[in-house]
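Need coordinates for the following:
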Amino acid sequence: MDVAAMNKTLTVLLIEDSSDYAALVQQWLSLITDINFVLHWTDSLAAGLSRLKQGGVDVILLDLGLPDSNGVETFTRTKLKASGVPVILLSGDSSERLALQLVQAGAQDYIVKGGCNGETLAKALQYAVMRNANRGSEESAGVAEQATVSGVMGGKGGVGATTIACNLAAELRRQTDQKTLLVDLDLDGGLVSFMMNAESEYTVLDATANIDRLDASFWGGLVAHYPGGMDILRAPGVPGVAEPSTDSLRQVIELVRKLYRWVVVDLGRPSGLSLGLLDQLSEVLLVTTTDVPALYEARRAVDGLRRAGVAGDRIKMIVNPFSAKQELGAAELDRLFGVPVYATFSAAGRELHQACVQKRLPEETSVFGGEMAALARKLAGLQPEKSRSRVAQMFSRSKKPSDMDKRASVAPSF
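Sure, this is the predicted structure:
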């Protein structure tokens, strides 16, 4: 789309608490002759969102510092209600860095008030509308194929499923350099946002409550943007919260398939909600430790997944021992679960505890980090990294029995 193809009238919503600056913007836009700008001005975010709800707005000029909202909150609240309308931020010199960060989070552009004039403003408004109109096709081109959706499920609580989900999403993003989303559907727990230190006002409930308005632009205001290019949709983390309908969650997954290459979903423990989404998942990573209660629950989970129609090759067993003591060999675990063990991690309790306390992921150079990188590359169909060939061996199954498999041990019968 070029400028000549645009509508000759553009409706601009200015949300700005300074009446003097609003008058200046009105004066600037009234002098533009090739485009007719219609300006609507509100002096608070609440009033601006009320006007936005009426529709008919082509572009928003948003001051980040308002009487009833400030900074990031101003943008995220506006983006949530904008429903595809491009947002240009108005910033002072002191908030220019923040404005640039918010452009990376979904704002179309930003303007420093002290360096603006009528011609600059008019061009910014026109280009924002053009870029927004072309955004859908650009995003479609940016994702070569629909996402692989990996559900991570714990056979029982406390087996480290959320840890696996968070680290796997981060490694898929790092190893493939493709758009990745981490979704927390463990609604009562909400540990993903804690472990990833990801701040966002909105949750998966906001996504399901706004299905009719859920497009790429609206989505950008819902998710938290994690350093490194990964997006996170957090759970409410409030015990007893009302679950969204399975149909609404299915629609959310259908949308994100078009926006990302990799989607990792923390499913929590098996439940009616998670089982109702199985046909939307490319694979289920079932996490267990090696203590007897966890093995028992994992075996029950495998049986439940099979009864729900999940083929064996879509179930990937992940063994995450919390201690170095391993009673069962890999072959015995295969027989116990009825599906091959896909990956086994080393015991890394202290390392993971330290990372959790510091609200960060384990170091990439750590043993756990190397094993997680190997898992991500295996799922993505990539060759093992040469520098981590020793770690990669943990994820390959040799025809020669290992010392662990040679031990005389008896697998529990469930």
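
what about Asp34, neighbour count?
For Asp34, the neighbour count with other CB atoms under 10 Å is 10. From N, CA and C alone the C-beta is placed, and that goes for glycine too.

Which of the helices or strands spans it?
Assigned by DSSP states H and E, Asp34 belongs to no helix or strand.

how near is it to Ser245?
49 Å (CB to CB, to the nearest Å).

How about Ser271?
14 Å.

Repeat that for Leu278.
Counting by CB to CB - Leu278 and Ser245 are separated by 16 Å.

Those two - which one has more neighbours?
Leu278 (18 against 13).

pLDDT at that one, what is it?
Looking at Leu278, its pLDDT stands at 91.

cool, and the one 4 residues further on?
pLDDT, Ser282: 92.

show me the contacts for it.
Residues near Ser282 by CB atoms under 8 Å, 6 or more residues apart in numbering: Thr148, Val149, Ser150, Arg314.

Sort out which of these are buried, if you could.
Thr148, Val149, Ser150 (16 or more other CB atoms under 10 Å).

Would you confirm that the first one contacts Arg261?
Translated: Thr148. Yes. Between Thr148 and Arg261 there is a contact under CB atoms under 8 Å: 7.2 Å.

between the contacts of Ser282, which is nearest Lys8?
Each of the contacts of Ser282 was scored against Lys8 by CB to CB, and Val149 proved nearest at 43.8 Å.

Which strands border whichever strand or helix holds that closest one, and is each parallel or antiparallel?
Assessed by DSSP H and E, Val149 sits inside strand 148-154. Within its sheet, strand 148-154 is paired with strand 262-268 (parallel), strand 283-288 (parallel), according to DSSP bridges.

Report the rounded mean pLDDT for that strand.
95.

then that strand to PDB, C-alphas only?
Presented in PDB, the C-alpha positions along strand 148-154 are these (Å, rounded to 0.1, in the frame of the first residue of the first chain):
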ATOM      1  CA  THR A 148       4.600 -27.000  16.500                       C
ATOM      2  CA  VAL A 149       2.600 -27.000  19.800                       C
ATOM      3  CA  SER A 150       4.300 -29.000  22.500                       C
ATOM      4  CA  GLY A 151       2.300 -29.700  25.700                       C
ATOM      5  CA  VAL A 152       4.300 -30.300  28.800                       C
ATOM      6  CA  MET A 153       2.400 -32.400  31.400                       C
ATOM      7  CA  GLY A 154       3.500 -33.600  34.900                       C
END
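
what's downstream of that strand, the next helix or strand?
helix 161-176.

Show the subsequent helix or strand relative to that next one.
strand 180-184.

who's in contact with that following strand?
147, 162, 165-166, 169-170, 172-173, 190-193, 196, 204, 223, 226, 229-235, 256, 259-266.

Can you select the buried ones among those residues for me in ChimeraX?
Selecting only the buried entries of the contacts of strand 180-184 in ChimeraX, with 16+ other CB under 10 Å as the criterion:
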select :147,162,165,166,169,170,172,173,190,191,192,193,196,204,223,226,230,231,232,233,234,235,256,259,260,261,262,263,264,265,266
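
tell me which helix or strand of the protein sits lowest on mean pLDDT?
Using mean pLDDT, DSSP states H and E, the weakest-scoring helix or strand in the chain turns out to be helix 403-406, at a mean of 39.

these two touch, right, Ala22 and Leu13?
No. Applying CB under 8 Å as the test, Ala22 and Leu13 come out as separate, 11.4 Å apart.

Show me which of these two is the more surrounded one.
More neighbours surround Leu13 than the other of Ala22 and Leu13, with 25 against 19 (other CB under 10 Å).

quick one: the more buried one is in a strand?
Yes. According to DSSP: H, G, I helix; E, B strand; the rest coil, Leu13 belongs to a strand.

Pull the contacting residues for it.
His40, Thr42, Gly48, Arg51, Leu52, Val57, Val59, Ile60, Leu61, Val85 are the contacts of Leu13 under CB under 8 Å, 6+ apart.

Name the member of those with the most neighbours.
Top of the contacts of Leu13 by neighbour number is Gly48, holding 29 neighbours under the definition other CB under 10 Å.

Please identify the helix or strand for that one.
Using DSSP H and E, Gly48 maps to helix 45-53.

Remind me which helix or strand Lys123 belongs to.
helix 118-142.

pLDDT on that helix, on average?
74.

swap in stretch 253-260?
The average pLDDT for stretch 253-260 rounds to 90.

Not counting its own residues, what contacts that stretch?
So stretch 253-260 is in contact with 139-140, 143, 146-147, 149, 178-181, 183, 214-216, 219, 231, 263, 265, 277, 280, going by CB under 8 Å, 6+ apart.

repeat that with 10 Å
Applying CB atoms under 10 Å, 6 or more residues apart in numbering, the external contacts of stretch 253-260 come out as 136, 139-140, 142-143, 145-149, 151, 172-173, 178-183, 185, 207, 211, 214-216, 218-220, 223, 230-231, 233, 263, 265, 277, 280-282.
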